[in-house]
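> I would like to see how this sequence folds:
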Amino acid sequence: ALLGSTGKVEGALTGHPALVNGNPALVIRLDGEIDGVMAIRVEDARIAGIYYVRNPEKLTAVESGTPLTVLPPRGV
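All right, here's what the predicted structure looks like:
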């Protein structure tokens, strides 16, 4: 469906693979700006869901990294 609709889009449509919530995803850009994210939820080696998010408020964290905190060993 995504590829079939690309002829109707005005501008340069590109995509690059990513991980979103630990699942494979494709970040879609229109003229260099994030337009949406298509994510695939995999369970037991099968596709359990396909999601497309286009809400700009939900996409703000797609390009920012989340710093990891190293916790000290228990009992220290």
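
> Tell me, how many residues neighbour the closest residue in space to Thr14 that isn't next to it in sequence?
Among residues not flanking Thr14 along the chain, Arg29 sits closest, at 4.9 Å (C-beta to C-beta, 6 or more residues apart in numbering). (Glycine included, C-beta is placed from N, CA and C.) By the measure other C-beta atoms under 10 Å, the count of residues near Arg29 is 15.

> now do Leu26
16.

> partners of the helix or strand where it lies in the sheet?
Element membership for Leu26 (DSSP states H and E) is strand 23-30. Partners of strand 23-30 in the sheet, by DSSP bridges, are strand 13-20 (antiparallel), strand 33-43 (antiparallel).

> Buried deepest among these, which one?
Highest mean neighbour count among these (mean count of other C-beta atoms under 10 Å): strand 33-43, with a mean of 15.

> got a list of contacts for that one?
Here strand 33-43 makes contact (C-beta atoms under 8 Å, 6 or more residues apart in numbering) with 2, 13, 18, 20-21, 23-29, 47-54, 59, 62-63.
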